[in-house]
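Asker: The amino acid sequence is not available; the structure is as follows:
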């Protein structure tokens with residue numbers, strides 16, 4: 001090492017001139033590559049003389065390197081570099097074009113459909129539902145916020161909260177979101193919900209809705225005697241219904257929704273969507289609601305004569321007060337209520353739980369359809385929604401039970417079972433009866449086919465109907481429970497048939513004009529005595 005250092009010092013002290021370098025007998029490549037000291041000496045001489053200020057890797061050197069052939073298909077190095085640069089530029093332009101195209105295709109929300117600014121209160125209960133829509137405030141801190149993601153095809157409700165200006169606003173449906181609903185339980189539909197138990201100053205300032213009234217928890221406690229057991233008029237998996245009396249002596253029915261895994265929030269949303277805007281004499285009226293902390297309560301008009309199930313299957317003695325005329329009035333009123341839900345609203349409302357216990361009766365035996373906790377909204381451009389099968393055993397349409405595909409004809413099937421129940425006084429499924437009589441629909445079809453239709457009439461009905469009236473009602477019921485959903489009549493047609501003076505059973509052209517066919521083999525079997 002010392003010798004090498006001394007050699008380097010000697011070179012720096014006695015630089016080699018160009019003449020000496022040229023006089024050597026060794027070729028220049030050898031000289032440049034074999035001795036580092038020689039290469040360094042050349043650079044030093046050039047720098048000292050100032051004749052060539054370019055380094056040894058000058059343009060000619062780069063040209064020589066770039067023109068060498070590479071290992072990539074034998075192409076020259078500059079060609080390979082040019083190809084790489086060009087490919088990178090093309091790739092960048094392609095990615096930019098994709099980004100621009102994606103942004104152009106994204107629907108930009110119009111001012112009318114933009115969500116209000118979302119804010120969260122510091123005091124918030126844990127999320128309780130994934131299907132609650134947005135609740136915001138105009139004049140005070142918001143009571144609740146929700147953010148819809150992949151929403152089911154349901155109507156969007158914004159309940160504006162405040163002290164002075166109280167109203168409910170139903171915004172236009174985002175129709176492009178319909179394709180993402182699996183309704184499944186989808187109407188569909190996940191959201192993160194934050195609900196405030198209270199706002200500064202005590203109880204939350206919840207809106208006095210345009211279609212009803214806001215009630216505080218204290219008001220409802222006073223109306224029901226602190227929700228005493230004596231005021232319970234009904235209960236089920238959804239919650240408990242209490243009878244209450246308001247300070248103005250108005251009787252109300254208060255449904256206290258049980259908050260099981262967010263079920264209260266879901267029931268609250270569904271009922272507000274389904275009947276908050278509905279006014280019909282054959283539908284129970286939603287008067288208002290209470291949202292306070294984790295409590296979710298719905299306040300309805302009070303119907304003071306119980307429900308149909310109690311009068312059909314309860315202890316009413318040997319003679320039922322439900323005469324044939326009363327029963328037909330109940331059937332017709334229920335049909336009108338369902339027809340309004342199916343054909344008088346947009347989106348239409350599919351009740352999904354039509355049964356005798358959900359038909360309330362007043363003192364004049366007028367029927368009112370109630371309990372919309374399982375209802376689904378169905379837009380006109382959709383023929384059905386796919387959802388988790390819900391309902392009451394014996395009333396559920398077979399195609400809905402097997403596929404989960406729900407539309408208004410599922411309600412028609414349930415209504416047909418209800419007609420049979422009203423006429424016969426039997427439950428849709430009764431395991432206490434002989435094997436051939438357990439299922440009401442099959443039992444009644446067999447009797448009608450065997451020309452024994454008079455045997456289906458409730459034995460507690462002292463005055464039997466005429467053969468013509470019985471024939472008309474049974475035919476309507478059989479049409480409604482047709483296994484082929486497309487052959488079931490719409491509720492508007494059902495009303496027409498119930499109100500007809502005569503029903504021409506053998507006029508096939510009439511059936512063709514009205515768009516439905518006689519169910520099963522009724523044309524051949526149903527020859528009842530006049």
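Answerer: Structure received. Just so it is clear, the structure is predicted and the values come from calculations on it, not from any experiment.
Asker: Could you name the helices and strands sitting against the helix or strand where residue 445 lies?
Answerer: Taking DSSP states H and E as the definition, one finds residue 445 inside helix 440-449. Judged by 3 or more CB pairs under 8 Å, 6 or more residues apart in numbering; DSSP states H and E, helix 440-449 is in contact with helix 408-424, helix 467-480, helix 522-525. For the C-beta atoms, the positions are set from N, CA and C on the backbone; glycine is no exception.
Asker: got the angle for the first one vs helix 440-449?
Answerer: If I follow you right, that is helix 408-424. Angle, helix 408-424 to helix 440-449, by axes from the mean of the first three to the mean of the last three CA atoms, to 10 degrees: 60 degrees.
Asker: List the buried residues for helix 408-424?
Answerer: Buried positions in helix 408-424, judged by neighbour count with 16 or more other CB atoms under 10 Å: 408-424.
Asker: and what of the second one?
Answerer: Residues of helix 467-480 classed as buried under the neighbour-count rule (16+ other CB under 10 Å) are 470-480.
Asker: Please name every helix or strand in contact with it.
Answerer: Under the contact criterion of 3+ CB pairs under 8 Å, 6+ apart, helix 467-480 touches helix 324-343, helix 408-424, helix 440-449, helix 491-499.
Asker: and if we set it to 6 Å?
Answerer: With contacts taken as 3 or more CB pairs under 6 Å, 6 or more residues apart in numbering; DSSP states H and E, helix 467-480 sits against helix 408-424.
Asker: and stretch 296-315, average pLDDT?
Answerer: Mean pLDDT, computed over stretch 296-315, is 92.
Asker: about what we covered before: just give me the closest of the buried residues of helix 467-480 to residue 80.
Answerer: Distance ranking of those against residue 80, using CB to CB, places residue 480 first at 78.0 Å.
Asker: Could you look up the SS state of residue 298?
Answerer: Here residue 298 takes the strand state, with states given by DSSP: H, G, I helix; E, B strand; the rest coil.
Asker: wouldn't it be in contact with residue 255 here?
Answerer: Yes: at 4.6 Å, residue 298 counts as touching residue 255 under the criterion of CB atoms under 6 Å.
Asker: pLDDT averaged over the longest helix seen in the chain - what is it?
Answerer: Assignment by DSSP state H gives helix 77-105 as the longest helix of the chain. Summarised as a single mean, pLDDT over helix 77-105 is 88.
Asker: With stretch 229-244 instead?
Answerer: Mean pLDDT, stretch 229-244: 87.
Asker: Tell me which helix or strand residue 280 sits in.
Answerer: Remark: residue 280 resides in no helix or strand, with elements defined by DSSP H and E.
Asker: who are the neighbours in contact with it?
Answerer: Counting by CB atoms under 6 Å, 6 or more residues apart in numbering, residue 280 touches 337, 340.
Asker: Then residue 221?
Answerer: If you count contacts by CB under 6 Å, 6+ apart, residue 221 has none.
Asker: I'd like the distance between it and residue 295.
Answerer: 10 Å (CB to CB, to the nearest Å).
Asker: With residue 457 instead?
Answerer: 46 Å.
Asker: In terms of packing, which of the two has more residues around it?
Answerer: Set side by side, residue 457 and residue 295 show more neighbours around residue 457, with 17 against 14, by other CB atoms under 10 Å.
Asker: Report the contact partners of that one.
Answerer: Contact analysis of residue 457 by CB under 6 Å, 6+ apart lists residue 464.
Asker: where's it relative to residue 483, distance?
Answerer: Distance from residue 457 to residue 483, counting by CB to CB: 25 Å.
Asker: Check residue 231 too.
Answerer: Residue 231 sits 44 Å away from residue 483, going by CB to CB.
Asker: quick one on the thing from earlier: buried residues, the longest helix of the chain. List them.
Answerer: So, applying 16+ other CB under 10 Å, buried residues of helix 77-105: 79-80.
Asker: Can you work out which other helices and strands pack against it?
Answerer: Judged by 3+ CB pairs under 6 Å, 6+ apart, helix 77-105 is in contact with no other helix or strand.
Asker: make it 8 Å
Answerer: Helix 77-105 packs on helix 59-66, going by 3+ CB pairs under 8 Å, 6+ apart.
Asker: what's the angle from the helix it packs on to helix 77-105?
Answerer: Relative orientation of helix 59-66 versus helix 77-105 (the same axes, to 10 degrees): 70 degrees.
Asker: The residue nearest to residue 495 when sequence neighbours are not counted: what's it in contact with?
Answerer: Among residues not flanking residue 495 along the chain, residue 335 sits closest, at 5.1 Å (CB to CB, 6 or more residues apart in numbering). Residue 335 sits next to 415, 491, 494-495, 498 when contact means CB atoms under 8 Å, 6 or more residues apart in numbering.
Asker: for the protein, which spans come out with low pLDDT?
Answerer: By pLDDT under 70, the weakly predicted segments of the chain are 1-58, 105-212, 237, 260-264, 501-530.
Asker: quick one, domains of it?
Answerer: Domain assignment for the chain by automatic domain parsing gives 2-56, 68-103, 135-195, 213-301, 308-525.
Asker: Show me which positions of stretch 300-308 end up buried.
Answerer: 300-303, 307-308.
Asker: Which of those fall in helices?
Answerer: The helices, defined by DSSP H, take in residue 308 from the buried residues of stretch 300-308.
Asker: quick check: angle from the helix holding residue 445 to helix 467-480?
Answerer: Interaxial angle of helix 440-449 relative to helix 467-480 (the same axes, to 10 degrees): 130 degrees.
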